[in-house]
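Colleague: Quick check, what structure comes out for this input:
(one chain, ligands or ions: 1)
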Amino acid sequence: MKTHIGWMIVGIVSAMAAALIEIWIGSFIQDLTTRAENGAGRLVLSIVFTVFAVILIGVPAKYFMAFGVERSSALTIRDIRNHLMNHIGKLPVHYIEKQHSGDVLSRSSNDLQVIHQFMSRDLAQWFYHPMLFIGCFIYLIWIQWQLVLFSLLLLPISLLVSHWVGKQMQRLTEEVQEHTGQMNAIAQDTLGGMPIVKSYLLSGMLLRSYQSLLQLTLLKKLALRKREAWVDPLLFSLMLSPIIFAVIYGSYLISIGKFGAGELIAFLYLLNLCLEPLDHIPTLITNTFQMTGALKRVAEMLKQPAENLEGHSIARTDDPPVVFDNVTFAYDNNAPVLRNLSFTVAAGKTVALVGESGGGKSTVFKLLCGFYPLPADQGTIRIFDQPIQDSNPNELRSCFSVVTQDAYLFSGTIADNIAYGREHATMDEVIEAAKLANAHSFIMELPGGYQAEVGERGGLLSGGQRQRITIARAFLKDAPILLLDEPTSALDTASELYVQEALKVLMKDRTTIVIAHRLSTIEKADEILVMERGGIAEAGNHGELLALNGLYARSYHQEFTTALVKSREVVFL
Ligand SMILES: Nc1ncnc2c1ncn2[C@@H]1O[C@H](COP(=O)(O)OP(=O)(O)OP(=O)(O)O)[C@@H](O)[C@H]1O
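Modeller: Just a heads-up that it's a prediction; the model follows:
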C-alpha cells in the first residue's frame, strides 16, 4: 500500500474533514436558531451563507473520501494480485502439490475481494465514525450534559438487543452460506463429472440432495427475514429513544428557562449524528476481523519461500545424459520411496521404467525435473555429468520435454498450446511441429484450424488429438531428453497408432526415459529397468529379461495367460 499511500491519505484526511464539517454545522445551527430567536436578522443571513459555504466544502470532502480511498485500494489490490500470481508461479512444485487448488484460488480471488472491500469501504470509515462520535459527544456534553445522560438512558439496552439479534442473524446467515456452498459443490460435481453421473445414474440422487439443501436454505432464509421483519422496527424504536428522551427532557428545560429552542435543535441534530456511528461500528469491527483473516491467508501464501532460481547452468556435453548414483529419497519424513537407486541412460537410448504401482517411477521424473530437492548426502543425479543439486532449475528443466498421460492443454487455441513449447515460436515452426506430431491433418479439418479453441483442459478435442498436440509442443521445445509417462495408456487402439507414430519420430536419436505399462512400449526400449521397493531388481532388454527368468519374466508369463496381454495391451499394471 506504501506505493499508493498518497491517495489513501487524501481519502482519510477528507473523511476526518467531512466528520468535522458535519459537527461544525451543528454549531451553526445552534448559532443561527439562537440568533433568530433573539431577532438578529442580518447576522442570521450571514450565518446562512456560511452554512452553505461549509456544505460546499463538505461535498468535495466526501468525494475525495470515497474516490481517494477507492483509487488507492484498487491500485493496491491490483499490485497484490499481480504479486500473488507472480509468487504462485514461483512456488516450488513440492509446496503446490500439497495445496488444494480450490484453496489457492480462493486466496487469490475471495480473500483479495474481502481485503479490497475493507480498504475501499471500511478503512476511511474507521477515521470518520469515531471522529464523528467523539466530536459530537464532547459537543453535546458541552451544550447540556444532563440532557446527554437523560437521552442516553435506554441506549445500553438498545445496544445489547442489537448485539444479541446481530449474533442470531449472523448464525443464520452463516448457515445459509454453508448450505449455498454445499449446493454449489453438488452443482459443480454434477457438471464436472457428467459422464460418470450419467453412467452410474447418479443424477436422481444428486438432485435429491440438492433439493433437500435448497429446502433447508429456503427455511433458513425465511427465518432470517421473519426475524428481520420484527427486529428492524423494534431496533428502530429503541435507537429512536435517545431522540424522544432528548425532546421530552429538552422541552422541560426550555419551559423552566434553562435551555433555548435553538440549542435543542442543534442538540437533536448532533445527537442524531452521534448515534450514527453506533450503528456502523459493530459492522466495521466484523469486517475488520474478516479482513484480517483474509489478509493472514494471503500473507501466508506470500511468505512461502519461492523456488531458488540461482545455480549453475547445465551444458549439453557428450557425457551420459542421465545418471542416478546411489539415490535415496523420501517424501517428508516417510519411508524412502527410492533406495540406493543407480542407473545410467546413454545418449540417444530409450530406457523403460516398469514396476508395481507406487514403486517410485514418477518420483524419478520429479527428481530429474528438480521438483523435489535431493539432499546432498542422499546420492547424486547428474545430467550430462553435471550434478543437478545446486543447478538453476529453469536451466535444468530446459533439458527435458515431458509428455504425460493426461495430455494437459491450456485454455486457448491449438496454435497457442503448441507454441508454449518455445518462446517466440513462429507460426511456421508451430505448423512444422504439428506435422511431425501427426497432428497437422486433423487440425486442418477443424473449423478454425490452428486457431480452433481447445476448451477447458482440451475438452473439445479427443484424447488422441490432445496427446498429439502435447507431442507437437515437445517437438517445438526440442529438448535433448524426453520424459514420457506412458502417453498412450489412456487411448484406444486407433488413436494409439497415430500417437505411437508421432512418438517414434520424436524419440528418434533422442535420449528417452519412459514410464511404461504397455508391452508394445516396453519391448521397443533399449533397456528395461524393473523397479522394486525403490531400487532396480532387474535390468536388460526384453529378451534378456525373459531369459533371466526372474521378476520380469514371471510377471510377463503371468499376465500372458490373461486376455489383456494376448491383445498386447498391458503387462505391468
Ligand atoms: N507428493 C508426495 N508426497 C508424499 N508422498 C508421495 C508424493 N508423491 C508420491 N508419493 C508416494 O510415493 C510413492 C511412489 O509414488 P510414485 O508416484 O513415484 O509411484 P509410481 O511408481 O509412479 O506409481 P504409478 O505407477 O501408480 O503411477 C507412493 O507410495 C506415493 O504414495
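Colleague: and the closest residue to the ligand within the stretch 451-573 of the chain, what are its bridge partners?
Modeller: In the stretch 451-573 of the chain, the residue that lies nearest the ligand is Ile515 (6.3 Å; Cβ to the nearest ligand atom). (Glycine included, C-beta is placed from N, CA and C.) Ile515 has the following beta-bridge partners by DSSP bridges: Leu353, Asp485.
Colleague: so for stretch 176-184, what's the average pLDDT?
Modeller: Average pLDDT, stretch 176-184: 78.
Colleague: Could you report the neighbour count for the residue of the stretch 451-573 of the chain closest to the ligand?
Modeller: By the criterion of other Cβ atoms under 10 Å, Ile515 has 23 neighbours.
Colleague: Looking at it now. What's its pLDDT?
Modeller: Reading off the model, Ile515 has pLDDT 90.
Colleague: hang on, it packs against Val351?
Modeller: No. Applying Cβ atoms under 8 Å, one finds Ile515 not in contact with Val351, separated by 10.2 Å.
Colleague: Check which residues of stretch 407-416 are buried.
Modeller: For stretch 407-416, the neighbour count (16 or more other Cβ atoms under 10 Å) marks 407, 409, 413-416 as buried.
Colleague: could I get these as TSV with distance to Trp142?
Modeller: Putting the buried residues of stretch 407-416 into TSV (distance: Cβ to Cβ, whole Å) gives the following:
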residue	distance to Trp142
Ala407	77
Leu409	72
Thr413	71
Ile414	76
Ala415	75
Asp416	70
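Colleague: TSV for these, including pLDDT, distance to the ligand and secondary structure?
Modeller: Listed next are these as TSV, based on pLDDT from 0 to 100; distance: Cβ to the nearest ligand atom, whole Å; DSSP: H, G, I helix; E, B strand; the rest coil:
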residue	pLDDT	distance to the ligand	secondary structure
Ala407	81	16	coil
Leu409	88	21	coil
Thr413	91	31	strand
Ile414	92	28	helix
Ala415	92	32	helix
Asp416	91	29	helix
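Colleague: For Asn392, state which of those residues is nearest.
Modeller: Taking Cβ to Cβ as the measure, Asn392 sits nearest to Asp416 out of those, at 26.6 Å.
Colleague: Name the nearest residue to the closest one, sequence neighbours excluded.
Modeller: Phe410 (7.1 Å; Cβ to Cβ, 6 or more residues apart in numbering).
Colleague: and what of Gln168?
Modeller: Arg227 (6.6 Å).
Colleague: That neighbour contacts Leu172, doesn't it?
Modeller: Yes. Between Arg227 and Leu172 there is a contact under Cβ under 8 Å: 7.4 Å.
Colleague: For the two, indicate the residue with more neighbours.
Modeller: Between Arg227 and Leu172, Leu172 has the larger neighbour count (other Cβ under 10 Å), namely 17 against 14.
Colleague: Start from the N-terminal end of the stretch 251-400 of the chain and give the helices.
Modeller: In the stretch 251-400 of the chain, the helices defined using DSSP state H, counting those that start in this stretch lie at 261-303, 361-368, 393-397.
Colleague: Would you point out which residue of the stretch 1-150 of the chain is nearest the ligand?
Modeller: Closest point on the stretch 1-150 of the chain to the ligand, by Cβ to the nearest ligand atom, is Glu97, at 4.7 Å.
Colleague: So that residue versus Ser162, what's the distance?
Modeller: 47 Å (Cβ to Cβ, to the nearest Å).
Colleague: These two: which has the busier surroundings?
Modeller: Ser162 (18 against 11).
Colleague: Need the pLDDT of that one.
Modeller: Predicted confidence (pLDDT) for Ser162: 72.
Colleague: Equivalent analysis for Tyr139, please.
Modeller: Per-residue pLDDT puts Tyr139 at 90.
Colleague: ok now the strand or helix carrying it, how far from the chain's centre?
Modeller: Following DSSP states H and E, one finds Tyr139 within helix 125-151. Centroid separation for helix 125-151 versus its chain: 44 Å, with Cα atoms, centre = their mean, to the nearest Å.
Colleague: just stretch 8-18 next, same as before
Modeller: 33 Å.
Colleague: List of residues touching that stretch?
Modeller: 1, 57-58, 60-73, 123-125, 127-128, 131 (Cβ atoms under 8 Å, 6 or more residues apart in numbering).
Colleague: quick one, what contacts Leu268?
Modeller: Per Cβ under 8 Å, 6+ apart, neighbours of Leu268: 243, 246-247, 250.
Colleague: one more time with 10 Å
Modeller: Each residue near Leu268 by Cβ atoms under 10 Å, 6 or more residues apart in numbering is listed here: 26, 29, 151, 242-243, 246-247, 250.
Colleague: Weed out the non-buried ones from those residues.
Modeller: Buried by 16+ other Cβ under 10 Å: 26, 29, 151, 242-243, 246, 250, out of these.
Colleague: closest to the ligand among the residues you listed?
Modeller: The closest of these, once distances to the ligand are taken by Cβ to the nearest ligand atom, is Pro242, at 62.0 Å.
Colleague: Quick check: closest non-adjacent residue to that closest one.
Modeller: The nearest residue in space to Pro242 (Cβ to Cβ, 6+ apart) is Ser151, at 4.3 Å.
Colleague: separation between that neighbour and Thr288?
Modeller: 29 Å.
Colleague: which residues does Val345 form a beta bridge with?
Modeller: Residues in beta-bridge contact with Val345 (DSSP bridges): Val322.
Colleague: Could you do Leu529 as well?
Modeller: According to DSSP bridges, the partner residues bridging Leu529 are Leu353, Ala539.
Colleague: Let me see the contact set for it.
Modeller: 324, 341, 343, 345, 351-355, 361, 364, 513, 535-540, 545.
Colleague: Leu273 now?
Modeller: 19, 22-23, 25-26, 132-133, 135-137, 139-140.
Colleague: can you list the residues you listed in TSV and add distance to the ligand?
Modeller: TSV is the format used below for these (distance: Cβ to the nearest ligand atom, whole Å):
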residue	distance to the ligand
Ala19	55
Glu22	59
Ile23	61
Ile25	65
Gly26	65
Leu132	55
Phe133	54
Gly135	59
Cys136	60
Phe137	59
Tyr139	64
Leu140	64
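Colleague: Pull out the buried residues from these.
Modeller: The neighbour count (16+ other Cβ under 10 Å) marks 19, 22-23, 25-26, 132-133, 135-137, 139-140 as buried among those.
Colleague: Near the ligand, which residues of this protein are found?
Modeller: Proximity of the chain to the ligand is confined to 97, 331, 337, 357-363 under the rule Cβ under 6 Å from any ligand atom.
Colleague: Which of the residues you listed are buried, as a PyMOL select command?
Modeller: Buried residues within the residues of the chain next to the ligand, by 16+ other Cβ under 10 Å, are selected in PyMOL with:
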select buried, resi 337+359+360+361+363
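Colleague: ok, back up a step: can you tell me which of the contacts of stretch 8-18 are in helices?
Modeller: 57-58, 60-73, 125, 127-128, 131 (DSSP state H).
Colleague: before we move on, back to that, which of the contacts of Leu529 are buried?
Modeller: Buried, going by 16+ other Cβ under 10 Å: 324, 341, 343, 345, 351-355, 361, 364, 513, 535-536, 538-540, 545, out of the contacts of Leu529.
Colleague: Any buried residues in stretch 233-241, and which?
Modeller: Judged by neighbour count using 16+ other Cβ under 10 Å, the buried positions of stretch 233-241 are 235, 238-239, 241.
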